[in-house]
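> Sequence plus predicted model, see below.
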Amino acid sequence: MKRVYPILIVAALFAVAPFVDVGIPFVFGTEIGSPGTLLVLGIALTFAALAVSYDILFGYTGMLSLGHALPFALGVYGTNLVMIHWGLPYFAASLVALVGGVLIALLLGSLALRTSGVAFAMVTLAFAEAFAILVLTDPLRIFGGEEGLPIAVDHLPDIFRGVVNTRYVYWLALLFAVAVFMLARLVVTSRAGRVWQAIRENEPRVEMLGLRPFAFKLASFVIASAIASAAGSVYLLLIRGANAGTTSALFTLGILVMVVLGGTGKLWGAALGGFIYGILDLRLSEVATSDFIADMPTWLGGPLSEPLFILGVLFVLLILYFPGGLISIPGQLRKARSARRVGQ
Amino acid sequence: MSSLILNASTALGLAGLYFLLASGLSLIFGLMNVLNLAHGAFFAIGGYAAWWVMDTLEIVSSLGLRFVIAVAVAALAGLVVGALVERGLVAKLYGKHLEQILLTIGLSYVFVALLGGWFTYDPRLMTQPAWFGTTTEIFGANIPNNRLLVLAVAVVALVGLLVFLNRTRHGLIIRAGVENAPMVRALGIDVGRSFTIVFALGGLLAGVGGGLAAVYFNGVSPSLGTAQLIFAFIVVVIGGLGSVPGTAVAAVLVAFTQVFANNYLATGLGSISVVVLLALVLLVRPQGLLGRAGT
């Protein structure tokens, strides 16, 4: 049980953030305890949880799903729709959305798992895109189309309303991220978790040993989707509305980038990647509008003012030079240094 | 009746675009096991290249001739970008399929952001020869000429691709590589060069497709390819990975489903019907219409 301590220490550090009134230059515009920065941190923590859920699927089971935005968006839209139309309070609505997310994951997962490898990636992408189009064109007139769907404030508990109470929303996000991390560690180190990793390494062999990879892969898909749906419910509370952007293929790729950025197949890596991605995603757009960029010639300043350009270039460099992600860099540097020492 | 023919022509035009985008994707996948997510960006680059020529090359006063040049430039742009991406980046990760896929994801970000940064995200209207905007009467229906153009080019591309694959030595090596790459390598043939050829060829087809899409959608925007890429994926899976004739059949099937569902059921249902079609094909034939089982 001693490996719980690092998580608790990190969680405790994050828990005191609302009481910190110093800023971090360049990273945050205002002091850490201000509502604006707490929201950024809360979103980054939710992304960390989302990245951990995707790591279960992609990093541990080796399934390249390109539709992980779908369960997340189902959580965001589902929770909000249940609050609006059924009038349930927030947590009950989240639970309904979670159950719905699990059922849809079971259905789509068993369909998509008829394929594997790259075809699986394309099929999951297609399913997610169908939902994205459903939300954008909105033939049922319930999703609010491109404008999105503002949160049903009336059904929120009092402590989650208003800017003054941002810290409670932040603490909820922190609690959720820690719970997801613990749960994820529990499942990946369980017997099923070991089978997942065996499937990732050599699926035919798992089949030879008399296990049915299909059932294990479906379990991985459903668990990852369930966590993502729950993350969607938390995200809804943070950005106070359902946004069509969360359904898009670009967002799915974003989740993949989070995991690879931090370190695939390592829970700490995925969490770190999701956290950093969340902050970069929100802060790079402010860098983009800075005078520094505006003074550059258009051919250079134009692309540099695009957060996606900077993220894309970083990602390509990372894939080429540090495929193990950020979390592998210290180890790689240490190895390089000791190799040099041996050479002397 | 005439509306039926009109919709059919729209669908055939769209099928042409899907084929141009999906055939390269399918070949690249068949040979290299790489899902090229930057392929939509090649498409958009072709679109912008064509738009740029139409917009700036005022020396050529005949719009028809200028359009021929525009499509040639779009093809060349796609070819060069495809070859550079393969030689400069994808080849560096030889043998690591997953990393190659991730790399193309990063590139798709970069290319779309580059186009957005240089040309802004506002759609640009395409200057076109007057003939494209007029219609030709076929079986009592007035068919917009641009649909006929896209279809004609796609058919030429299909025939050209089949001739290249079935009648030339490079094509032979590519077909053999799709079948069994390690064996081809064992025979002492440089499969790496085929990878470059396939990537460049896919880029060329996507570039031409982008140029024509600029006509079909009457303009370009940086997300031109991203939106179409997902349907191209569906076309590739339905057709069977690595099969060019399968891609052609699936492109027609997907485009017809989409256009007819949009027009006769409800707007927006077209894309969802396509996904349902995909689910049905997966249930009945997971390897795709003309794909080989067990791959």
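Arrived safely, thanks for sending.
> mind listing the helices for the stretch 1-150 of chain B?
B:2-32, B:39-56, B:63-88, B:97-119, B:130-133, B:145-167 (DSSP state H, counting those that start in this stretch).
> Of these, which stretch is the most buried?
Highest mean neighbour count of these: helix B:39-56, a mean of 26 (counted as mean count of other Cβ atoms under 10 Å in any protein chain shown). (C-beta placed from N, C-alpha, C; glycine too.)
> Let me know the pLDDT of the spatially most central residue of chain B.
Nearest residue to the geometric centre of chain B (Cα atoms, centre = their mean): B:Leu21, 0.9 Å. Reported pLDDT at B:Leu21 in the predicted model: 93.
> just B:Ala251 next, same as before
95.
> Likewise for A:Gly302?
69.
> Could you do A:Val342 as well?
Looking at A:Val342, its pLDDT stands at 69.
> cool, and B:Leu12?
At B:Leu12, the pLDDT value in this model is 92.
> For the nearest residue to it once chain neighbours are set aside, give its distance to B:Leu224.
If you skip the residues right next to it in sequence, B:Leu12 has B:Leu151 as its closest partner in space, 4.8 Å away by Cβ to Cβ, 6 or more residues apart in numbering or on different chains. Taking Cβ to Cβ, to the nearest Å as the measure, B:Leu151 falls 19 Å from B:Leu224.
> Go ahead and confirm the residue nearest to B:Leu12 touches B:Gly13.
Yes: taking contact to mean Cβ atoms under 8 Å, the distance of 5.7 Å between B:Leu151 and B:Gly13 places them in contact.
> If you count neighbours, what's buried in the helix or strand hosting B:Val274?
Using DSSP states H and E, B:Val274 maps to helix B:269-284. Within helix B:269-284, the residues scored as buried using 16 or more other Cβ atoms under 10 Å in any protein chain shown are B:269-275, B:277-279, B:281-282.
> From the chain's centroid, how far away is that helix?
Centroid separation between helix B:269-284 and its chain, computed with Cα atoms, centre = their mean, to the nearest Å, is 20 Å.
> tell me the contacts of the nearest residue to B:Trp131 once chain neighbours are set aside?
Residue nearest to B:Trp131 in three dimensions, not counting chain neighbours: B:Asn145, with 5.7 Å by Cβ to Cβ, 6+ apart. The neighbourhood of B:Asn145, defined by Cβ atoms under 8 Å, 6 or more residues apart in numbering or on different chains, consists of B:131-136.
> Look up how far chain A lies from B:Asn145.
From B:Asn145 over to chain A the distance is 29 Å, taken as Cβ to the nearest Cβ, to the nearest Å.
> just B:Leu12 next, same as before
Counting by Cβ to the nearest Cβ, the gap between B:Leu12 and chain A amounts to 22 Å.
> can I assume that residue is in contact with B:Pro144?
No: under the contact definition of Cβ under 8 Å, B:Leu12 does not touch B:Pro144, with a separation of 11.5 Å.
> For the residue nearest the centre of chain A, give me its contacts.
The central residue of chain A, meaning the one whose C-alpha is nearest the mean C-alpha position (Cα atoms, centre = their mean), is A:Leu50 at 2.8 Å. For A:Leu50, the contacting residues are A:68, A:72, A:227-228, A:231, A:255, A:258, A:274, by Cβ under 8 Å, 6+ apart.
> Go ahead and list the helix or strand containing it.
Secondary structure (DSSP H and E) places A:Leu50 in helix A:35-54.
> need the residues of the stretch 1-150 of chain B near chain A, please.
For the stretch 1-150 of chain B, the residues found near chain A under the criterion Cβ under 8 Å from any Cβ of the partner chain are B:29, B:33, B:35, B:37, B:89, B:92-93, B:96, B:98-99, B:101-103, B:105-110, B:112-114, B:116-118.
> and with 7 Å instead?
Applying Cβ under 7 Å from any Cβ of the partner chain, we find that the stretch 1-150 of chain B lies next to chain A at B:29, B:33, B:35, B:92, B:99, B:102-103, B:105-107, B:109-110, B:112-114, B:116-118.
> one step back: in PDB, list the C-alpha atoms belonging to the helix holding A:Leu50.
Written as PDB, here are the backbone C-alpha positions of helix A:35-54 (Å, rounded to 0.1, in the frame of the first residue of the first chain):
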ATOM      1  CA  PRO A  35     -11.400  31.600  -9.800                       C
ATOM      2  CA  GLY A  36     -10.000  31.900 -13.400                       C
ATOM      3  CA  THR A  37      -6.900  29.900 -12.700                       C
ATOM      4  CA  LEU A  38      -8.800  27.400 -10.500                       C
ATOM      5  CA  LEU A  39     -11.000  26.700 -13.500                       C
ATOM      6  CA  VAL A  40      -8.000  26.100 -15.700                       C
ATOM      7  CA  LEU A  41      -6.500  23.800 -13.100                       C
ATOM      8  CA  GLY A  42      -9.900  22.000 -12.800                       C
ATOM      9  CA  ILE A  43     -10.100  21.500 -16.500                       C
ATOM     10  CA  ALA A  44      -6.500  20.200 -16.600                       C
ATOM     11  CA  LEU A  45      -7.300  17.700 -13.800                       C
ATOM     12  CA  THR A  46     -10.400  16.500 -15.700                       C
ATOM     13  CA  PHE A  47      -8.300  16.100 -18.800                       C
ATOM     14  CA  ALA A  48      -5.800  14.100 -16.700                       C
ATOM     15  CA  ALA A  49      -8.500  11.700 -15.700                       C
ATOM     16  CA  LEU A  50      -9.700  11.500 -19.300                       C
ATOM     17  CA  ALA A  51      -6.200  10.700 -20.400                       C
ATOM     18  CA  VAL A  52      -5.900   8.000 -17.800                       C
ATOM     19  CA  SER A  53      -9.100   6.400 -19.000                       C
ATOM     20  CA  TYR A  54      -7.800   6.500 -22.600                       C
END
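> Any part of whichever helix or strand comes after it near chain B?
Downstream of helix A:35-54, the next assigned helix or strand under DSSP H and E is helix A:69-81. No: using Cβ under 7 Å from any Cβ, helix A:69-81 stays clear of chain B, with a minimum separation of 11.5 Å.
> quick one: contacts of the helix or strand just after helix A:69-81?
Where DSSP H and E defines the elements, the next helix or strand beyond helix A:69-81 is helix A:90-112. Residues outside helix A:90-112 that contact it (Cβ atoms under 7 Å, 6 or more residues apart in numbering or on different chains): A:71, A:74-75, A:78-79, A:82-83, A:88, A:120, A:123-124, A:127, A:155-157, A:160, A:218, A:221-222, A:225-226, A:229-230, A:233, B:279, B:282.
> The closest residue to B:Gln228 other than its chain neighbours: what's it in contact with?
Across the structure, with Cβ to Cβ, 6+ apart as the measure, the residue nearest B:Gln228 apart from its sequence neighbours is B:Leu21 (5.7 Å). For B:Leu21, the residues meeting the contact criterion (Cβ under 7 Å, 6+ apart) are B:39, B:43, B:206, B:209, B:228-229, B:232.
> Pull the most distant pair out of the residues you listed.
B:Gly209 and B:Leu229 (10.9 Å; Cβ to Cβ).
> the more surrounded of the two?
Set side by side, B:Gly209 and B:Leu229 show unequal neighbour counts under other Cβ atoms under 10 Å in any protein chain shown, the larger going to B:Gly209 at 36 against 28.
> average pLDDT for the helix or strand harbouring the more buried one?
With elements delineated by DSSP H and E, B:Gly209 resides in helix B:191-216, which encompasses its position. Along helix B:191-216, the predicted confidence averages to a pLDDT of 91.
> same question, stretch B:79-96
Summarised as a single mean, pLDDT over stretch B:79-96 is 89.
> ok, now stretch A:204-224?
Per-residue scores along stretch A:204-224 average to 93.
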